[in-house]
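S.K.: prediction below, plus the sequence it came from.
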Amino acid sequence: MGFLIRVVVNAFAIWVVTLIPALQVTVIAFPPGETLQLVLTLLLVAAIFALVNTIIGTVIKILAFPLYILTLGLIGLLINAFLLWLTAAITSLWNFGLRVEDFWWGLVAAILISLINWLFGIILRPKRD
């Protein structure tokens, strides 16, 4: 259930980022490109992004642990941008999916996605008794 919630929150965060045209991050829906196809494409991209974060992101973060200490955690911003760019590269194999035009604007988009995920994580966190 937690993975499904994370996918929906990621899809919402990616959709919010695509609403900002300056970031040059777009989601191309699969044909015919109606609203339902856009929502399904966002969910697919979010699932791929969650898997990339879970599998590849964990390995990179473990290997980059000394860099986290040296940069006081700022390397995490570049790693998140790289994971977003990697998700766009994976989905570009099809004629639909996530497109990130510029790595540095992708960095800003990754920061916004992280902030939205953090905010929803606080709101949706289960209450402990």
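M.R.: Received, thanks. Residues are numbered from 1 along each chain as shown.
S.K.: in the longest helix seen in the chain, what counts as buried?
M.R.: Criterion DSSP state H: the longest helix present in the chain is helix 103-124. Across helix 103-124, burial judged by 16 or more other Cβ atoms under 10 Å covers 105-110, 112-114, 116-117, 120. Every C-beta, even on glycine, is put in place using the N, C-alpha and C of the backbone.
S.K.: TSV for those residues, including pLDDT and distance to residue 16?
M.R.: Shown next, in TSV, are the buried residues of helix 103-124 (pLDDT from 0 to 100; distance: Cβ to Cβ, whole Å):
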residue	pLDDT	distance to residue 16
105	90	15
106	89	15
107	91	16
108	93	13
109	93	10
110	91	13
112	94	7
113	92	8
114	91	12
116	93	6
117	90	11
120	90	11
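S.K.: ok, which pair from these is furthest apart?
M.R.: The span of the buried residues of helix 103-124, defined through Cβ to Cβ, is set by 105 and 120 at 22.6 Å.
S.K.: toward the C-terminus, what is the element adjacent to the helix or strand in which residue 26 is found?
M.R.: Element membership of residue 26, judged by DSSP states H and E, is strand 25-28. Next along the chain after strand 25-28, taking DSSP H and E as the criterion, comes helix 35-52.
S.K.: low-confidence ranges in this protein?
M.R.: 1, 129 (pLDDT under 70).
S.K.: tally of neighbours for the closest residue to residue 64 other than its chain neighbours?
M.R.: For residue 64, ignoring the flanking residues on the chain, the nearest one in space by Cβ to Cβ, 6 or more residues apart in numbering is residue 75 at 5.8 Å. Residues contacting residue 75 under the criterion other Cβ atoms under 10 Å number 18.
S.K.: and for the one 3 residues further on?
M.R.: Residues within reach of residue 78, counting by other Cβ under 10 Å, total 15.
S.K.: just the C-alpha atoms of stretch 94-104, please, in PDB.
M.R.: Extracted in PDB, the C-alpha atoms of stretch 94-104 (Å, rounded to 0.1, in the frame of the first residue of the first chain):
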ATOM      1  CA  TRP A  94       9.000   4.800 -25.800                       C
ATOM      2  CA  ASN A  95       7.100   7.600 -27.700                       C
ATOM      3  CA  PHE A  96       5.600   8.800 -24.400                       C
ATOM      4  CA  GLY A  97       6.900   9.600 -20.900                       C
ATOM      5  CA  LEU A  98       8.900  12.200 -19.100                       C
ATOM      6  CA  ARG A  99      11.200  14.600 -20.900                       C
ATOM      7  CA  VAL A 100      13.800  16.800 -19.200                       C
ATOM      8  CA  GLU A 101      15.300  19.200 -21.600                       C
ATOM      9  CA  ASP A 102      18.100  20.600 -19.400                       C
ATOM     10  CA  PHE A 103      19.900  19.000 -16.500                       C
ATOM     11  CA  TRP A 104      20.100  22.100 -14.400                       C
END
